[in-house]
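1. Sequence below, structure please.
(chains A, B and C)
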Amino acid sequence: MELFFMTITTGVMVGGIYALIALGWVLIYKCSGVLNLAMGELTLIGAYASLAFYSMGIPFIPALLLSLVVGFILGILTERIFLDKLIGEPVLTVIMVTVGLSFFFKGIVELIWSTDTRVFEPPVFPLEPFRFGPIVVGQVYLWSFVAAMILLVIFVCFFKYTRWGLAMQATADDEMAALSIGISARFVYAAAWAIAFMAAGVGGTLLGNINGLNISVGYMGLLVLPAVVLGGLNSVPGAIVGGIAIGVMQNLCGAYLDQYFPGGVKEIAPFAFMAIFLLFKPYGLWGWERIERV
Amino acid sequence: MSTTFLPCGVYHENYKQDHAWWQTNFIKSKMFLLFISLFFIIPWVSDTYWLSVCNQIGYTVLGALGVQLLIGFCGQVTLGHAAFLAVGAYVSTLLVLEFPWPALLVEWGLAYPISIFISAIAAGFWCVLFGLPSARVKGFYLILTTMAAQFITVDFVITQYVSQIGGRGQAFSLPPGTIKVGPWVIDSDIKVYYMMIVLVILCVVGVVNLLRSRVGRAWVAIRDNDISAEVMGINIIKYKLLAFFVAGCIGGIAGAVWISNLSAISPEHFPWFWSLWLVGVVLIGGAGSIHGTIFGSIFMVVVMELLQMAVMPLADTYPKLLLDFLFIKESAFGLAICLFLIFEPNGLAYRWWQAKNYFNLWPFSY
Amino acid sequence: MNFKKIVFRSCVLLFSVLLVGGFASAAGAAATINVGALYDMTGATSDVGRDYALGIAEAMHYVNDTGGINGKQIKLHQFDYGYRVPEALTKYKLFQRLGCVAVLGWGTGDTEALSPTVTKDKMPYVSASYSGHLTDPKKTPYNLFFATDYSTNARAAITAWFDKKWPKHKDYGKRKPRFASSYMFASPYASAPIKAIKDQATILGFDIGPDQDVSLFAIDTKSQNLALKDFKADLVWHGNTTMSVSATLRDAYSLDLGADHIINNWGYDENLPRMAAKAAEGAMGSAICAFFGEKVPGMDKVVAYAKKYNPGIPANKRLIRTVQAWADVLILREAMIRADKAGKLDGESILKLGFETMKNFDIGLGAPPVTFTATDHRVAGAVQVYEIKDGKFQLVEKVDLKGRWPEKWANEWIGW
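-> As a prediction, the model looks like this:
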């Protein structure tokens, strides 16, 4: 029983980070219709940027903020250089460009920082765990979850209460109507990518704090795809719920199913689950349904 | 792209001529020259290095042919094709190494060809299994299920279960000399080349024939607008699954042929990167054209080899370059895809088609 | 439109530069002895591979500086293959084309995969993989290495814990100690000694728990550690390299696992206490030679060459991997010198007239004297087991497996 609760707790904590990254993904899809397969590498760049700043001696929170700035700039640049030219192209082309981008970013990151695990030295969060009764929770997980939740709240407030956020929502809802009011679609696209970069960057930094940062953090970023499928591609609350659900499911599978399937189902369980889920509910829990009866 | 225009002054007088594969004498002589160069000139002129590059091109063509069928002709986007190559390769390896063949078959060298055949069928069925979601989902969701196919097949089933059969360790060793086709032992690049050329030609001819037939027309209809295709009476589920089956078969053949080139096989030969590479080849060459597959393969393989050759002399002055070459390769691949899709979205085959028409219609090509 | 044209033309320019550069590169063949080397600077084991690769290069410089092979210089062809088996296979073909007489290999996966091929080609393959599966000359005659193999090291480590740590445990005498392994199931390197260590655990009387799969790249091992906690393990064997082992140790510490740890030699180096800090205290492991900078014969040359050829990396960041690299190069040098003196410098003579004539050959560098015979490629029977105290390595016990179980050593334990 103890194992069960600890797994669920850890799963919820990690899921919070996934939710943050999934939010960025949904944002890009909602605003510009681009299915972004480069999410993993966006996570990497933000994480390595904050690691670089932290290693230079800057304290953790300013380093994080600086990496947000880097993410913002990169997001706008990426959108302008690569994705602007693709407005109107078929879906596959856009997806493959994001795939190409992902390899490009991955190659650059590996060139600059190479592939071994880097740790945040001195450690940002102490190694001693918190103990709630029988449940032992690492401090990293707890603080990451808190940070992810705070950021999620900030983003949701941004969308609901600021002019720019409302502009993005309008574009996501109906692009033609938003254009006719005078909202610049290019601005919205660039903002979407910038926010996605920032969210992924924070997510990556938090993930990297857990045990070290290396290229496999990028594969964790790929896990955001089952999360958004579960929650529905266009739904922000769906992304949050999906992220947490995938985190929990992954840890549960890892803890209980590992003994039956030698070799760890932890990596592929979300994908297998997603494949099965798509057969029954292709639009996710909250996605917008396109009714096509043939 | 539509069909190429006939040159000025050429016209057909009966259906037989119209249906012909090669419609003018010029094309017939071109094909004859191609045949001669493929079978005689290239092996005679090249050293083992360029032969191995040709083998790599042949392997890529076979792999990309299945992807082209699915993406370019049937409209089903697949991002997990390397899994089916892996299935073909592993089934063939296991049959060659572990299956108790009757001594007669082994002596006559039929074990390997039969295993190619069986692995093609097996890969085809495995592909149909993962193509089943296409009956319910399309577009992006299909991409995700095929990605799932890649991860589940290679990272899970093969790495954990299949690799552990028989020996220990992740890689099956294929000592040179275990693979025989008829009386020939396949153990050098030139023999692999001949086997590869024969199979590539057979597969390309097979696929083009399929595309000229009723099945091919159904596929194109599904690609262009699947709802109208269903309205017209085409059973889209049947044809979609058939497309997956054929693509899987060709992938299986590709994998089975590839193992003759290696001294060992491991799941690392079929990473997700390879699936994306094949889709990249198809897109760079031009979706929807068989020429495109071949051009795309040649382009990608040759560019990577040139990149490597160019980096080697630089490496003496900047040794770090050689170290990081694998990364440079990855980012070059990513960048190449992005640039091609932005500037040349119809691929190399489109330029070829333009050039051919220019010469065919000359001097009236305006 | 203008921008598009500029980009297009610069791409064409770049492409033509590549073309010209590619065709203009000349392939020079040197009239010296060619030796191929593979290493992993960028792949799953790059944390230990990088230091090893530097060590190989420095050791080769030393060999050439001290007279080469009876006067002939060695040309080293070093390539990074990223721990990917396909690349290793391609590079092996390249080595054959370059006319190499021996190969300094790296990883277990590709070494074992290439083993039938190198046997057929009679190419001596001195690997950084010390897998027990490569020690039986009946199956793998051309696979060689200077160290005691993983299975022997694993048996020694568990025996050392049983001898020295278990008697101090509060439950000693009341029950059997509980043992579990954590390693990457799919990796041939990590899974190489598992059967042997489980056999040793059975001999010594442990309760064996379920294995935990930890990837070589793992940074999150919570669920595996939770499962170990559920089993209430007393001792955990770590089969991976330093990266993932330190992640596992940190998680074990933060989850309060309360077990002792024994680690395979590629997971046990100076980086471990640096990466895992407090979590690595008390971790035990086998070391097959001296750590970098220890006072043993020959270490001064290692330190000097490291400073000479890689001054950018400070001495306190170099690892035991450099020393391991030197040891492999030194035995290859000795074998080639012996074969050359006997008249022939080809693969078969390097093996038969070189390696298999070594009896208690002392490499120095804190490694045991090596002995190769035609029936046994296990170099020695005794292993030193260390533990980490205050971030430094201290000897726990030198376990003599050959002496304690002579019949099993001679008859049962070879080759796995």
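2. can we go C-alpha only for contacts and neighbour counts from here?
-> OK.
3. Which helix or strand lies directly C-terminal to the helix or strand of chain C with the lowest mean pLDDT?
-> Lowest on mean pLDDT, DSSP states H and E among the helices and strands of chain C sits helix C:2-24, with a mean of 63. The element immediately downstream of helix C:2-24 (helix or strand, assigned by DSSP states H and E) is strand C:33-39.
4. who touches that following strand?
-> Outside strand C:33-39, the residues within contact range by CA atoms under 8 Å, 6 or more residues apart in numbering or on different chains are C:49-50, C:52-53, C:72-83, C:88, C:91, C:95, C:98-106.
5. Buried residues, whichever helix or strand comes after it. List them.
-> Next along the chain after strand C:33-39, taking DSSP H and E as the criterion, comes helix C:46-65. Residues of helix C:46-65 classed as buried: C:46-63 (neighbour count, 16 or more other CA atoms under 10 Å in any protein chain shown).
6. quick one, helix C:46-65 and strand C:33-39 angle?
-> For helix C:46-65 against strand C:33-39, the angle by axes from the mean of the first three to the mean of the last three CA atoms, to 10 degrees is 160 degrees.
7. which secondary structure elements does helix C:46-65 contact?
-> Other helices and strands packing on helix C:46-65, by 3 or more CA pairs under 8 Å, 6 or more residues apart in numbering or on different chains; DSSP states H and E, are strand C:33-39, strand C:74-80, helix C:242-254, helix C:299-309, helix C:320-341.
8. Just checking the distance from the fourth one to the centre of its chain.
-> Chain-centre distance of helix C:299-309: 21 Å, with CA atoms, centre = their mean, to the nearest Å.
9. So is that helix next to chain B?
-> No - using CA under 8 Å from any CA of the partner chain, helix C:299-309 stays clear of chain B, coming no nearer than 13.2 Å.
10. what angle sits between that helix and helix C:46-65?
-> Here helix C:299-309 points in a direction 100 degrees away from that of helix C:46-65 (the same axes, to 10 degrees).
11. quick one, helix C:299-309 and helix C:320-341 angle?
-> Relative orientation of helix C:299-309 versus helix C:320-341 (the same axes, to 10 degrees): 100 degrees.
12. What are the buried residues along helix C:299-309?
-> Along helix C:299-309, these residues count as buried under the neighbour rule (16+ other CA under 10 Å): C:299, C:302-303, C:305-306.
13. a markdown table for these, including distance to A:G247 and pLDDT?
-> What follows is these, written out as a markdown table (distance: CA to CA, whole Å; pLDDT from 0 to 100):
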| residue | distance to A:G247 | pLDDT |
| --- | --- | --- |
| C:M299 | 49 | 87 |
| C:V302 | 48 | 87 |
| C:V303 | 47 | 87 |
| C:Y305 | 49 | 87 |
| C:A306 | 46 | 85 |
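14. Relative to chain B, which of the residues you listed is nearest.
-> C:A306 (17.1 Å; CA to the nearest CA).
15. quick one: the closest residue to the closest one other than its chain neighbours from C:Y305, how far?
-> Closest residue to C:A306 apart from its sequence neighbours, by CA to CA, 6 or more residues apart in numbering or on different chains: C:E58 at 6.6 Å. Noted for C:E58: a distance of 6 Å to C:Y305, by CA to CA, to the nearest Å.
16. thinking again about what came up before, let me know which of the helices and strands packed on helix C:46-65 is tucked in deepest.
-> Mean neighbour counts were compared across the helices and strands packed on helix C:46-65 using mean count of other CA atoms under 10 Å in any protein chain shown; the top stretch is helix C:242-254, at a mean of 27.
17. Which neighbouring elements make contact with whichever helix or strand comes after it?
-> Remark: after helix C:242-254, the chain's next helix or strand is strand C:260-263, criterion DSSP H and E. The contact analysis (3+ CA pairs under 8 Å, 6+ apart) places strand C:260-263 against helix C:150-160, strand C:235-238, strand C:284-287.
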